[in-house]
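[1] Kindly generate the corresponding structure for this input.
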Amino acid sequence: MLPAALAALLVGCRFEPSGAVPDDGRPPVPPDVAVDAAPPDAPPPDANTDRDGDTIRDMDDNCPNVSNTDQADCDGDGIGDACDIKADGPDADGDMVSDVCDNCPTVSNLDQLAERDDDEVGDACDPQPDQDGDTIAYFSGFDGDSGGERPAGWSLASGTGLVDGRWRVVDGKLVHDAGDEPSILYLGGQTVPTDVIVEARFSVSSFVSDGSEPVAFIGLLARYTNGLASGGEDTGYLCQLEQGTGDPTATVRIEGLPDIEGGVDNAPWSGQLTQSYTIKLNQIGIAGSGSISRCTVTPPAPLILESVRVDDIPGPASGSIALRTLRIGVAFDYIVVYGLGTSASASITATPSLHHPAP
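    Numbers count the residues shown, from 1 in each chain. The predicted model follows:
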C-alpha cells in the first residue's frame, strides 16, 4: 500500500499512455522530445539575393555591398576594386594604392580620378588628358631585392661593343655600376605600343673615364631591336643625357639608331650627382608619315635643359623599350611606359611625375 502522504498528493492526478490525445485537445507529445524544444531552423537565404542591386548575386559578387557590375579586381585578391582598400603591395608614390592597381603609379593620387577622358590613366598623370585611349603599358618601381640578378622580364643586349653592365635590383632600385663599355638592358617578352612615352627617374652616383673618350651617358630607347646580337646593327629611337667627364656641359640628344643624328641641346652642368633626374622620351608616328621624336631631361635646379623635338627621324616602326648607359653609375627609381591612343597628338602634356619628390 502507498503511504498516506503520497496517496494524498496523487489524488486528482490522471496518467495517460504515451501518444494519447489529452482531453484539452492538445496534440500528443512524442516520446523523448522536450516540450520547450526550439523551433525549426530559419530557411537558408535566397541564393539569388543581390543586396547592392548590380545584377550580380551576392554569392558571386566580389563586392556584395557595393555596386560594381564590371567586377574589376586589379590585384587579383578576390575583393573587387570598388570595395578594396588596395594598400597591399609595392606603392612607389606612397598614395596608399598599390602599384598594380594605381592609375598613376608615379604620382600620388589617392582619389584615382580618371574623369577628363575615357581611358585607364588617371587625371593626375595622363599625358593626353583630353584624348581617349591612353594606357599604362608597363610600370616597375623595382621593389625589393633581386639577389644580384637583373629584374624579371629584362634581358641584357649582346653583340660587339656591348658588355654586361652589372644590372641588378638593390633595395628597391635598378642599379648599374659605372663601366668603360656601353651596356643595354631591354624589356623582352612583352608587347609595347608603337606610340609611347617612356619615362624614368634616376640618380647618378659616379662617372668614370678611360682617359681617351670623355663622354658618359644614360639614355632611354623606344622601338629597340638588338641587331648586334645577330651581326647586324641595333635600331631604335634614343633619348640620351650625356656629359664629358670633367666637362661642365650636359647634352640632351634625340636620334635614330644606328647613326641618324636628330637634335641636341646643351646647358651648364652643375655636377649634382646624388640628385634625382627624370628623363622622358616621346615617340609618335612612323617616319615619313608625320612622326615626332622628343627627349626631355628634368634635373635639379639650376640646370635647365629644354625639350628637344625633331620630326621624321628615320627609324623602326616597332620594337622594345631599353635602358642604355656608359661610364655612369646609376640607380633607377622607376620606369613607366604610357601607350598613347590612336589620336596621339604633337602637343603631349608634360606629365606631373616630373615633379614627383625624390625619395
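[2] Hmm, Cys239 is touching Arg309, no?
    No. Applying CB atoms under 8 Å, one finds Cys239 not in contact with Arg309, separated by 10.9 Å. (Each C-beta comes from the backbone N, C-alpha and C, glycine too.)
[3] Can you pull the residues that touch both of those two?
    Counting by CB atoms under 8 Å, 6 or more residues apart in numbering, the contacts common to Cys239 and Arg309 are 254, 293-294.
[4] and the residues you listed, which are buried?
    With neighbours counted using 16 or more other CB atoms under 10 Å, the shared contacts of Cys239 and Arg309 contain these buried positions: 254, 293-294.
[5] which residues of the protein fall in helices?
    Shown for the chain, the helices assigned by DSSP state H span residues 4-9.
[6] which of Cys239 and Arg309 has more neighbours?
    Higher neighbour count among Cys239 and Arg309: Cys239, with 29 against 17, using other CB atoms under 10 Å.
[7] I'd like the distance between that one and Gly290.
    Distance, Cys239 to Gly290, using CB to CB, to the nearest Å: 19 Å.
[8] Check Glu149 too.
    Applying CB to CB, the value for Glu149 to Gly290 is 42 Å.
[9] for Asp61, same thing?
    From Asp61 over to Gly290 the distance is 48 Å, taken as CB to CB.
[10] what does Arg150 give?
    Distance, Arg150 to Gly290, by CB to CB: 36 Å.
[11] and if you look at Asn68?
    As it turns out, when the distance is counted by CB to CB, Asn68 lies 41 Å from Gly290.
[12] neighbour-wise, which of these two wins?
    Taking Asn68 and Gly290 together and counting by other CB under 10 Å, Asn68 has the greater number of neighbours (18 against 11).
[13] mind showing which ranges of the stretch 1-150 of the chain have poor pLDDT?
    Within the stretch 1-150 of the chain, the stretches falling below the threshold (pLDDT under 70) are 1-45, 86-87.
[14] repeat that for 50
    Counting by pLDDT under 50, the stretch 1-150 of the chain shows low-confidence ranges at 1-2, 6-10, 13, 15, 18-19, 33-36.
[15] burial count for Ile85?
    Ile85: 9 surrounding residues under other CB under 10 Å.
[16] Distance of the closest residue to it other than its chain neighbours relative to Pro90?
    Setting aside the residues directly before and after it, Ile85 is nearest to Met96 in space (CB to CB, 6 or more residues apart in numbering), at 7.7 Å. Shown here: Met96 relative to Pro90, a distance of 12 Å by CB to CB.
[17] more neighbours, those two?
    The neighbour comparison of Met96 against Pro90 (other CB under 10 Å) goes to Pro90, with 15 against 12.
[18] Wait, that one touches Asp143, no?
    Yes. Using CB under 8 Å as the test, Pro90 is close enough to Asp143 to be in contact (3.7 Å).
[19] ok so, going back, sitting in strands, which of the buried ones among the shared contacts of Cys239 and Arg309 do you find?
    254, 293-294 (DSSP state E).
[20] Now flag whichever of those is closest to Pro129.
    Looking at those and their distance to Pro129, the nearest is Arg294, at 17.6 Å (CB to CB).
[21] Who are the contact partners of the closest one?
    When contacts are counted by CB under 8 Å, 6+ apart, Arg294 is found next to 239, 254, 281-282, 307-310, 348.
[22] do Ala222 as well
    Applying CB under 8 Å, 6+ apart, one finds that Ala222 lies in contact with 192, 196, 198, 236-237, 239, 281, 283, 319, 321.
[23] out of those, what pair is the most spread apart?
    Checked with CB to CB, the contacts of Ala222 reach their widest spread between Val192 and Cys239, with 15.1 Å between them.
[24] where do the strands sit along the stretch 201-350 of the chain?
    Ranges of strands within the stretch 201-350 of the chain are 215-225, 235-244, 249-257, 260-268, 276-284, 292-298, 308-311, 320-326, 328-339, based on DSSP state E, counting those that start in this stretch.
[25] Where among those is average confidence lowest?
    Ranked by mean pLDDT, the strands of the stretch 201-350 of the chain bottom out at strand 260-268, which scores a mean of 69.
[26] circling back to that earlier point, distance of the residue nearest to Ile85 from Asp60?
    From Met96 over to Asp60 (counting by CB to CB), the distance is 28 Å.
[27] cool, Thr135 as well?
    The span separating Thr135 from Asp60 equals 28 Å under the rule CB to CB.
[28] Counting neighbours, go ahead and name the busier of these two.
    Under the criterion of other CB under 10 Å, the comparison of Thr135 against Asp60 puts Thr135 first, with 15 against 10.
[29] mind listing what the more buried one touches?
    By CB under 8 Å, 6+ apart, Thr135 lies in contact with 119-121, 193, 338-339.
[30] what pairs with it across the strands?
    Applying DSSP bridges to Thr135 gives these bridge partners: Gly339.
[31] and the closest residue in space to Ile279 that isn't next to it in sequence, how many residues sit next to it?
    Spatial nearest neighbour of Ile279, chain neighbours left out: Val297 (5.0 Å); criterion: CB to CB, 6+ apart. Using other CB under 10 Å, Val297 is surrounded by 26 other residues.
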